[in-house]
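> what's the 3D shape of this:
(one chain, ligands or ions: 1)
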Amino acid sequence: MNILQKKSLYDNKIAFIGAGNMASCILGGLVKQGFPANNIYVSAPDQPQLDALEKKYQVRTSADNAACAGDADILVLAVKPQILSKVCLRLSEHLSPGTLVISVAAGIDCESISGWLNDHQAIVRCMPNTPALVQEGASGLFATDAVSETQRQNAAAIMASVGKVCWIEDEQLMHPITALSGSGPAYFFLFIESMIETAVKQGLDPIMARTLAIQTALGAATLAGQSDVDVAELRRRVTSPNGTTEQAIATFEAKQLRGTVEAAMEACSKRSQELALEAKAVTAPK
Ligand SMILES: NC(=O)c1ccc[n+]([C@@H]2O[C@H](COP(=O)([O-])OP(=O)(O)OC[C@H]3O[C@@H](n4cnc5c(N)ncnc54)[C@H](OP(=O)(O)O)[C@@H]3O)[C@@H](O)[C@H]2O)c1
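Here you go, the predicted structure:
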């Protein structure tokens with residue numbers, strides 16, 4: 001067991017590159033759970049953004065990515081995918097081989113990140129989603145072979161501070177994960193949006209329609225999460241023969257809701273594969 005493996009997560013220095021939505025919600029989740037704020041370092045170009053994080057969470061900040069990443073046990077890459085190659089190439093000389101790199105950038109695979117980071121090996125790739133902003137996220141995680149068991153546990157603990165985590169052992173499954181949980185919140189927003197529009201057309205006050213639609217989605221998800229029967233059975237239980245719900249469900253089925261969902265998720269997964277290929281075209285200079 002090496003020195004890093006003997007450390008508990010709280011003894012690690014965690015450096016975040018990027019101080020936007022993802023970085024702030026993950027580090028906020030860590031601090032809320034008791035992770036020592038003085039072991040968290042954040043860097044980004046925007047000083048007011050850094051000042052706000054420092055004030056809110058008492059984390060350490062810097063405008064210099066390399067200074068922030070230097071001697072970090074865990075480095076979280078939380079910048080937009082389009083600038084990840086540039087950020088990594090500039091960090092590559094400053095990373096120690098024992099550092100665990102966690103990337104939350106959508107669509108960029110471990111091989112690309114490793115190439116940009118001077119062949120760095122210990123990488124966890126993560127696909128989070130926006131409900132992480134309210135600690136209700138769902139993240140898919142993939143680790144390269146070089147990631148130790150302790151590093152896997154640390155990566156899972158970091159992402160668990162903003163929601164649920166699931167490991168995948170085949171990186172290609174990151175595409176269906178993107179189509180399910182990564183982009184999934186937008187599907188539910190669209191569904192809620194449609195329900196609100198229809199309820200208003202049927203005469204309900206817009207504020208009341210919004211309240212009832214959102215609470216119904218929240219209640220249904222909470223019930224499904226806490227129930228010991230599957231969602232299809234829960235649906236059957238609220239669908240009485242010849243009742244009102246049966247009419248709605250029959251309409252969804254007749255209008256091919258399942259086929260529409262399948263086509264949408266396939267299109268999403270395909271786009272995720274295309275983005276990964278585009279990212280691969282950007283390689284580290286020899
Ligand atoms: N938001 C989500 O729900 C979500 C879901 C899944 C995955 N992700 C992934 O999470 C990553 C971050 O997304 P986000 O929503 O947090 O984006 P964001 O809010 O735009 O944050 C990006 C951060 O990176 C900073 N930055 C820009 N250039 C930089 C540089 N050269 N060095 C260091 N920092 C730099 C930005 O600073 P400025 O603001 O000054 O440019 C900002 O603080 C993305 O790769 C995205 O694919 C996000």
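> what does the longest helix along the chain contact?
Longest helix in the chain, counting residues (DSSP state H): helix 257-280. Defining contact as C-beta atoms under 8 Å, 6 or more residues apart in numbering, one finds that helix 257-280 is touched by 81, 84-85, 106-109, 111-112, 174-176, 178-180, 182-183, 187. C-beta coordinates here come from the backbone N, C-alpha and C atoms, glycine included.
> ok, stretch 52-60 next?
Contacts with stretch 52-60, where a contact means C-beta under 8 Å, 6+ apart, come from 19, 24, 27-28, 31, 37-38, 40-42, 61.
> list the buried residues in it.
Neighbour counts using 16 or more other C-beta atoms under 10 Å place 53, 57, 59-60 of stretch 52-60 among the buried residues.
> sorry, back to before: now, the contacts of helix 257-280 that are in helices?
Applying DSSP H to these, the entries found in helices are 81, 84-85, 111-112, 174-176, 187.
> of the residues you listed, buried ones?
81, 84-85, 112, 174-176.
> give the contact list for whichever residue of the stretch 151-286 of the chain sits closest to the ligand.
When scored by C-beta to the nearest ligand atom, the stretch 151-286 of the chain has Gly182 as its residue closest to the ligand, at 5.8 Å. By C-beta under 8 Å, 6+ apart, the residues touching Gly182 are 106, 127-129, 140, 272.
> of those, which are in range of the ligand?
106, 128-129 (C-beta under 6 Å from any ligand atom).
> TSV please, covering the residues you listed and showing pLDDT and neighbour count.
Listed next are these as TSV, based on pLDDT from 0 to 100; neighbours: other C-beta atoms under 10 Å:
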residue	pLDDT	neighbour count
Ala106	87	21
Pro128	94	25
Asn129	93	23
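> from those, which ones fall inside strands?
The strands, defined by DSSP state E, take in nothing from the ones next to the ligand among the contacts of Gly182.
> can you lay out those residues as a markdown table showing distance to Asp11?
Below are the ones next to the ligand among the contacts of Gly182 laid out as a markdown table (distance: C-beta to C-beta, whole Å):
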| residue | distance to Asp11 |
| --- | --- |
| Ala106 | 30 |
| Pro128 | 24 |
| Asn129 | 29 |
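> between these, which is nearest the ligand?
Nearest to the ligand among the ones next to the ligand among the contacts of Gly182: Ala106, at 3.5 Å, using C-beta to the nearest ligand atom.
> for the residue nearest to that closest one when sequence neighbours are not counted, give its distance to the ligand.
Leaving out its chain neighbours, the residue that sits closest to Ala106 by C-beta to C-beta, 6 or more residues apart in numbering is Pro81, at 5.6 Å. Distance, Pro81 to the ligand, by C-beta to the nearest ligand atom, to the nearest Å: 5 Å.
> what sits against Pro81?
So Pro81 contacts 105-108, 275, 279 (C-beta under 8 Å, 6+ apart).
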